[in-house]
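Colleague: Next come a sequence and a model predicted from it.
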Amino acid sequence: MSESDVTREGLRGQRPGREATTGVNVPRRWRGKHRAERPMVPRAEFTSYYGKPILNPPTWQSPDIPGYLFLGGLAGGSSLLAAGADLTGRPALGRVAKTGALAAAGLSMAALVHDLGRPARFVNMLRVFKVTSPMSVGSWLLAGYVPAAGVAAASALTGRLPRIGATATAGAALLGPAVASYTAALISDTAVPAWHDGYPEMPFVFTGSAAMAAGGLGLLSGLAGQARPDETAPARNLALLGVAMETAAFERMEHRIGLTAEPYSAGRGGAYVRAGKALALLGGAGALLSRRSRIAAALSGTALIAASAATRWGIYHAGLASARDPKYTVIPQRQRLEERAASASS
Amino acid sequence: MSMKVAPWLPEVRGGGFEGALDGDADPSAVSGYENRPPRMGFFTDTSVCIGCKACEVACKEWNHVPEDGLNLTGMSYDNTVGLGADTWRHVAFIEQRKPLAGQDPGVSHEGIDVLALAAQGSGTPPAEAAVTPTTPGPDGQLRWLMASDVCKHCTHAACLDVCPTGSLFRTEFGTVVVQEDICNGCGYCVPACPYGVIDQRKDDGRVWKCTLCYDRLGDGMEPACAKACPTDSIQFGPLDELRERAARRVDALHEAGVADARLYGADPHDGVGGDGAFFLLLDEPEVYGLPPDPVVTTRDIVSMWRHVAAAAATLTAVGAASFAATLLGRKRR
């Protein structure tokens, strides 16, 4: 209760702030009618519902899903390297690449199953085949690829059934590039702004990254005692081409998509992407200069594998960040509507 | 807005793939239903929503949706925040200062000679009183928007398109429903939805969302939320009839001077081919937490696969070049 008294001299003992009004003169932000000119850069201001995200962010967990993206690339690229090694008579490189492909593919599958809400129902993935679902296409792809990679590795390690091993190696090499690239469509085929907007370049980022990782793994084969010094040369080439491809595609994607590329250079995603770029440069330079030293080549290879992983983790975290901030959903869509309205009225 | 795909694709059984991505297409017809009922949906007229949340409660009760935390958010009267695995109807509350700034409770005594009023004694006739408890404040300075959000049951549903198990399917009513005995919790539908509707139930692993009360529809009943709505803000019926009714309602509101009234999701040529559950809003969609121009992500799927194929071919070429380069080097030596 107010205890103020009304006297001839006016009010006495009134509560402080009794005349306060709430939020007077809050500037109207969004629809500035009195704006003199149209801004040429995207407006930083936008409306949202209490700053809450519009999208439900992916439920995919780390390390499962970024690991699955990275390992799929490593496996696919390695199968390609293995087939080349067989064709050109590089047994040590072939063995490392085949073993690596199988291990990576197996781990990749395990990560994928582990991330399911109901892992026991994994086989439901093979209930239907849908081209609109890259996860469905990928499941069928892996169902063909993993056995092929397995047979290829088993044959190479035991030395048995060479003809079947060669067929499996060829099959894995045929499917490998698809395994390395379909995951780009998988993440792009979502409403997550940073992922969907980058869909034209994302497959090239992923295959570049896959070549880099597989090349890095190939460089490690130099450590095997019986390897000839020139055995790792193709791995070095593959790694260097991969570094170039990934870097170029990533740059192009970031420049083209504009606002939604922001999470690739900011926050956790940005930190991983920067680490990936630094490691790729380091590993690339090391691979180029370490033709004589096996140790240096192996270190460079390790850096390249780590670079590929860091890029995938960066892309994963950037996607999460772009889904969590309504800015990346609202502003591009608002711009799209305005452009459509402008072109309709002109 | 249309996408060309191979003619055999709709024939993939159980895939629920919608071949003709045309806004005017009846989705249940495209999915292969014969002798189907008309496409059913919701028209949520937010201009008469009173924020009672009866829809939220009715939905939870009928569908046995578990309790998901009783928290106070400080977001006006909204304590459910948004749609998710355990919130299939969500009432949004927006407090706006509109069209001018400032909330005026209408009890300002400025310019009123209180003492003169007091001299009249306590028997001031209401007509002479400057301020009474029911004196309206200046018009239009505080606006409280309420809107009951729900799954949009899109004509081109991204969740359904990306589902790798065929758990999500199109019903004969043109709605989109999850088959919980098939869902393996891969979570792909969650980021695919442009509206942020479907989500994973953490302790269960599977995804859940509004079914438009598929079980009630089968028995000729209306969904629980529409049944419970005391103001008919939620209207249920055949979609084409709802669209006509909504168009008339917008015209009536415009005539009454509510220039802000607009339909959301009613256009069959928008990015998702129109919503099975659409809305009448009194402000921009993003004010209510809705995307202003949603697009089904699978609209670009053909282009995505083309780029994937090009990238895979490039990787193969790069691999071959890596070996070829060593041969060249050897020859030079």
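Modeller: All right, it came through fine. This structure is a prediction, so every number in the text was calculated from the model and none was measured.

Colleague: Please count neighbours and contacts with C-alpha atoms only from this point.
Modeller: Will do.

Colleague: Now do the SS call for the residue nearest to A:Leu161 when sequence neighbours are not counted.
Modeller: The spatial neighbour of A:Leu161 that comes closest, neighbours along the chain excluded (Cα to Cα, 6 or more residues apart in numbering or on different chains), is A:Ser155 at 6.1 Å. Taken by DSSP: H, G, I helix; E, B strand; the rest coil, the conformation at A:Ser155 corresponds to helix.

Colleague: Distance of A:Ser155 relative to A:Glu246?
Modeller: 32 Å (Cα to Cα, to the nearest Å).

Colleague: These two: which has the busier surroundings?
Modeller: Between A:Ser155 and A:Glu246, A:Glu246 has the larger neighbour count (other Cα atoms under 10 Å in any protein chain shown), namely 27 against 21.

Colleague: Double-check the residue nearest to A:Leu161 against A:Pro162; I have them as touching.
Modeller: Yes - at 6.3 Å, A:Ser155 and A:Pro162 qualify as touching, with contact defined as Cα atoms under 8 Å.

Colleague: got any ranges where the stretch 151-300 of chain A has weak pLDDT?
Modeller: A:225-227 (pLDDT under 70).

Colleague: rerun at 80
Modeller: Along the stretch 151-300 of chain A, the model assigns pLDDT under 80 to residues A:224-229.

Colleague: And the helices in it, which stretches?
Modeller: A:162-188, A:193-196, A:202-220, A:233-257, A:267-289, A:294-324 (DSSP state H, counting those that start in this stretch).

Colleague: could I get those as CSV with distance to B:Pro66?
Modeller: Shown next, in CSV, are the helices of the stretch 151-300 of chain A (distance: least, Cα to Cα, whole Å):
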stretch, distance to B:Pro66
helix A:162-188, 30
helix A:193-196, 31
helix A:202-220, 39
helix A:233-257, 40
helix A:267-289, 34
helix A:294-324, 25
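
Colleague: and among those helices, the most buried is which?
Modeller: helix A:202-220 (a mean of 33; mean count of other Cα atoms under 10 Å in any protein chain shown).

Colleague: and that helix, what does it pack onto?
Modeller: helix A:64-87, helix A:91-115, helix A:162-188, helix A:233-257, helix A:294-324, helix B:301-332 (3 or more Cα pairs under 8 Å, 6 or more residues apart in numbering or on different chains; DSSP states H and E).

Colleague: Format the ones you listed as CSV; extra columns: distance to B:Asn71.
Modeller: Below are those laid out as CSV (distance: least, Cα to Cα, whole Å):
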stretch, distance to B:Asn71
helix A:64-87, 31
helix A:91-115, 29
helix A:162-188, 33
helix A:233-257, 38
helix A:294-324, 21
helix B:301-332, 40
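
Colleague: nearest to B:Arg143, of these?
Modeller: Taking Cα to Cα, helix A:294-324 is the member of those nearest to B:Arg143, at 27.9 Å.

Colleague: could you check the angle helix A:267-289 makes with the closest one?
Modeller: Taking axes from the mean of the first three to the mean of the last three Cα atoms, to 10 degrees, helix A:294-324 and helix A:267-289 form an angle of 160 degrees between their directions.

Colleague: what helices or strands is helix A:294-324 leaning on?
Modeller: Partner elements for helix A:294-324 (3+ Cα pairs under 8 Å, 6+ apart): helix A:64-87, helix A:193-196, helix A:202-220, helix A:267-289, helix A:326-345.

Colleague: for B:Tyr214, what are its contacts?
Modeller: B:177, B:223 (Cα atoms under 8 Å, 6 or more residues apart in numbering or on different chains).

Colleague: Just the helices from the stretch 1-150 of chain B, written as ranges.
Modeller: With DSSP H, counting those that start in this stretch as the criterion, the stretch 1-150 of chain B has helices spanning B:27-30, B:54-63, B:114-119.

Colleague: from these, which stretch is densest packed?
Modeller: helix B:27-30 (a mean of 22).

Colleague: Point out the other helices and strands that that helix packs with.
Modeller: Judged by 3+ Cα pairs under 8 Å, 6+ apart, helix B:27-30 has no packing partners among the helices and strands.

Colleague: Return it as PDB; C-alpha atoms alone will do.
Modeller: Taking C-alpha atoms only, helix B:27-30 is exported to PDB below (Å, rounded to 0.1, in the frame of the first residue of the first chain):
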ATOM      1  CA  PRO B  27       0.700 -35.000 -51.300                       C
ATOM      2  CA  SER B  28      -1.300 -38.100 -50.300                       C
ATOM      3  CA  ALA B  29      -2.100 -38.600 -54.000                       C
ATOM      4  CA  VAL B  30       1.600 -38.300 -54.900                       C
END
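
Colleague: what's the distance between it and the middle of its chain?
Modeller: 21 Å (Cα atoms, centre = their mean, to the nearest Å).

Colleague: in the stretch 151-300 of chain B, which spans are strands?
Modeller: B:168-170, B:176-178, B:199-200, B:207-208, B:234-238, B:262-264, B:277-281 (DSSP state E, counting those that start in this stretch).

Colleague: List, one by one, the residues from the stretch 51-200 of chain B near chain A.
Modeller: Residues of the stretch 51-200 of chain B that fall close to chain A, judged by Cα under 8 Å from any Cα of the partner chain: B:75, B:84, B:94, B:100-104, B:108, B:158, B:161-166, B:182-188, B:190-200.

Colleague: Out of those residues, which end up buried?
Modeller: B:84, B:94, B:100-104, B:158, B:161-166, B:182-188, B:190-200 (16 or more other Cα atoms under 10 Å in any protein chain shown).

Colleague: on that earlier part again, comparing the helices of the stretch 1-150 of chain B by mean pLDDT, which bottoms out?
Modeller: Here the lowest mean pLDDT among the helices of the stretch 1-150 of chain B goes to helix B:114-119, at a mean of 75.
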